[in-house]
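> okay, here's the prediction I keep looking at, along with the sequence it came from:
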Amino acid sequence: MELVPRKRLELFSGRAHPELALEVAKYLDIELGAITLREFADGEIMSRFDQSVRGKDIFILQSHVGPVNDSIFEQLIMVDAAKRASAKRITAVCPYYGYSRQDRKSSGREPITAKLVADLFQVAGADRLIAVDLHSGQIQGFFDGPVDHLTASQVLTDYLRAQVVPRDLVIVAPDAGRVKVAERYAQRLGASLALVHKSRPKGTANVVAALEVVGEVSGHHCVIVDDMIDTAGTVTAAADLLVRRGAREVWVMATHGILSGPAPKRLMDAPISKVVVTNTLPVLGDRLIPKLEVVSIAKVIADAIAAVFEDGSVSELFQGDNLS
């Protein structure tokens, strides 16, 4: 008897951002897999697949939204359950990868938690990771397996083109770490490039001082591009400086709209006309400020999942723009 193996894809979602998972499933033309997730009385998370996953290619989607620890651990438990249920291959899809900012030791006696999270997924049984716009490319090396690093740059530049890109457009990197990304945006849009030099006082968090602008911004339409907006200290300090240097209008674009604590008020009070983020994280409640627009990253994630399932090239989807 000769058996012909059949490849079978299943997509499951944690509870952090089910709306994004449903949108991804729609692009893949599949139904979300059935899974039970609940807490015991003491708060421990229980996960049980409501259908067989034996021999299947399993994708478990969870964005690490606050409470971040709960989101990460729920996804780890789902991965462990899939491994023990004999899934053929398990891919952890993390549109927003938690703890990504702690990717190195900036001073003594600090952890590297981006590496710790990667180790946890390895031990839980994940064979592969998919993430969108990691805080730094080096995080790909923290996981001892394939990592598909997706980027939202195509989605965000397409949005800008749809808004009729002004001829005097300047793409602004809010710090030195974003220059390479900003340069790609500028090349795609035929725009100029500028850089904000910032300082973060030693031993502080979420405190930023924008010191100077490198590049011509006076009289120009400036778009600040970043990987995330957390408390919005970096982008609002940059916007203030750009306006003082004569910028005609300032927009902000970022992949991950975390928008913690004072971020909504800071963005509303800042000289910023528009804030554009993707839906890697849910944007709800008081974070839905009038200046904010949310564009979907679902098709990018769905295309990557399809490429992985079919053993195709993920890099070809981005023409190399996802390589750091």
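Now that the structure is in, tell me what you want to look at.
> where does the chain dip in pLDDT?
Within the chain, the stretches with pLDDT under 70 are 1-5, 199-210, 320-324.
> which residues in it form helices?
Here the chain has its helices, by DSSP state H, at 18-28, 68-84, 113-124, 153-162, 179-189, 233-244, 263-269, 298-309.
> which of these sits closest to residue 61?
helix 18-28 (4.7 Å; C-beta to C-beta). Heads up, the C-betas are built off the backbone N, CA and C, glycines and all.
> tell me how far the closest one is from the chain's mean position?
Relative to its parent chain, helix 18-28 has a centroid offset of 16 Å by C-alpha atoms, centre = their mean, to the nearest Å.
> now do it and helix 298-309, the angle between them.
Here the directions of helix 18-28 and helix 298-309 differ by 60 degrees (axes from the mean of the first three to the mean of the last three C-alpha atoms, to 10 degrees).
> buried stuff in helix 18-28?
Judged by neighbour count using 16 or more other C-beta atoms under 10 Å, the buried positions of helix 18-28 are 20-21, 23-25, 27-28.
> which of those residues lies closest to residue 182?
residue 20 (25.9 Å).
> now render the helices of the chain as CSV, adding distance to residue 137.
Listed next are the helices of the chain as CSV, based on distance: least, C-beta to C-beta, whole Å:
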stretch, distance to residue 137
helix 18-28, 23
helix 68-84, 21
helix 113-124, 11
helix 153-162, 14
helix 179-189, 9
helix 233-244, 19
helix 263-269, 25
helix 298-309, 17
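> nearest to residue 275 among the buried residues of helix 18-28?
Of the buried residues of helix 18-28, the one sitting nearest to residue 275 (C-beta to C-beta) turns out to be residue 20, at 19.1 Å.
> distance of that closest one from residue 70?
Residue 20 is 17 Å from residue 70, where distance means C-beta to C-beta, to the nearest Å.
> with residue 179 instead?
Taking C-beta to C-beta as the measure, residue 179 falls 35 Å from residue 70.
> kindly report the same for residue 282.
14 Å.
> could you tell me the end-to-end distance of stretch 79-92?
Start-to-end span of stretch 79-92 (C-alpha to C-alpha, to the nearest Å) is 7 Å.
> please look at residue 179 and residue 195 and confirm they touch.
Yes: between residue 179 and residue 195 there is a contact at 5.8 Å, judged by C-beta atoms under 8 Å.
> these two: who's more crowded?
residue 195 (20 against 15; other C-beta atoms under 10 Å).
> tally of neighbours for the residue nearest to that one when sequence neighbours are not counted?
Once flanking residues are discounted, residue 195 sits nearest to residue 214: 4.4 Å by C-beta to C-beta, 6 or more residues apart in numbering. Using other C-beta under 10 Å, residue 214 is surrounded by 14 other residues.
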